[in-house]
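Novice: prediction below, plus the sequence it came from.
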Amino acid sequence: LAKTTQPISMDSYEGQEVNITCSHNNIATNDYITWYQQFPSQGPRFIIQGYKTKVTNEVASLFIPADRKSSTLSLPRVSLSDTAVYYCLVGDVKNTGTASKLTFGTGTRLQVTL
Amino acid sequence: DTGVSQNPRHKITKRGQNVTFRCDPISEHNRLYWYRQTLGQGPEFLTYFQNEAQLEKSRLLSDRFSAERPKGSFSTLEIQRTEQGDSAMYLCASSPGRINTEAFFGQGTRLTVV
């Protein structure tokens, strides 16, 4: 499984755009990149998933360069409620066999203040 | 509420006792996962079901742990002869399957072994 590296923590002010970059140098051809958000005492919540280039939904954007060795989660105009831990995961999520589990790292703790 | 449901939300038990947790996945989700999360760490994979078949078990899942998913619906995770090191949040997640692989997590069961 491809290992991911992301910053331990980040701070931002409310209203700013936040970009969290994840490195995954050993990403495999069939691997997808998925981001989850977790608030204290809750289970993780899916944010976005992509394979290449750019994916956008109502919550965030995911930028993946051509070599796919890194990815950037972009949160536009964060609010206090975006304070959470953000996990970058890489894996062959389409595989119904043994590679289908999610492997979480320690994540990035984002603190948003006024 | 049609999300993933876990019961109980909290469990305090004495060392050496057996405990059982229940997970009710989202209806018609054929994939079900169990994870364990300790403070400051990301969730760690324990085991995975595709319908009623248990396809993978982590080495973290010692012989004191057993999981079942009879009839491919709800799942139970049992821990026998609990140890203090078993204290953690136990998370259950489900996903529709191969096309849509977004995993939906429950709020978890927090186990405290005293």
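Specialist: Arrived safely, thanks for sending. Numbers count the residues shown, from 1 in each chain, chains lettered A, B, ... in the order given.

Novice: mind giving me the packing neighbours of the lowest-mean-pLDDT helix or strand in chain B?
Specialist: Using mean pLDDT, DSSP states H and E, the weakest-scoring helix or strand in chain B turns out to be strand B:53-57, at a mean of 89. Strand B:53-57 is packed against strand B:44-50, strand B:65-68, with contacts defined by 3 or more CB pairs under 8 Å, 6 or more residues apart in numbering or on different chains; DSSP states H and E. C-beta here means a position set from N, CA and C on the backbone, and glycine is covered the same way.

Novice: where does the prediction get shaky in chain A?
Specialist: A:1-2, A:95-100 (pLDDT under 70).

Novice: quick one: residues contacting the residue nearest the centre of chain A.
Specialist: Nearest to the geometric centre of chain A sits residue A:35, at 3.1 Å (CA atoms, centre = their mean). Residues in contact with residue A:35 (CB atoms under 8 Å, 6 or more residues apart in numbering or on different chains) are A:22, A:46-49, A:60, A:62, A:73, A:86-89.

Novice: and the helices and strands packed on strand B:53-57, which one's lowest on average pLDDT?
Specialist: If you rank those by mean pLDDT, strand B:44-50 sits at the bottom with a mean of 92.

Novice: and the two most separated of the contacts of residue A:35?
Specialist: Across these, the longest distance by CB to CB is 15.5 Å; it joins A:22 and A:46.

Novice: which one's more surrounded, those two?
Specialist: Of the pair residue A:22 and residue A:46, residue A:22 is the one with more neighbours under other CB atoms under 10 Å in any protein chain shown, namely 25 against 18.

Novice: now do the contacts for that one.
Specialist: By CB under 8 Å, 6+ apart, the neighbours of residue A:22 are A:4-6, A:33, A:35, A:70-73, A:88.

Novice: possible to save those as a markdown table with secondary structure?
Specialist: Shown next, in a markdown table, are the contacts of residue A:22 (DSSP: H, G, I helix; E, B strand; the rest coil):
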| residue | secondary structure |
| --- | --- |
| A:4 | coil |
| A:5 | strand |
| A:6 | coil |
| A:33 | strand |
| A:35 | strand |
| A:70 | strand |
| A:71 | strand |
| A:72 | strand |
| A:73 | strand |
| A:88 | strand |
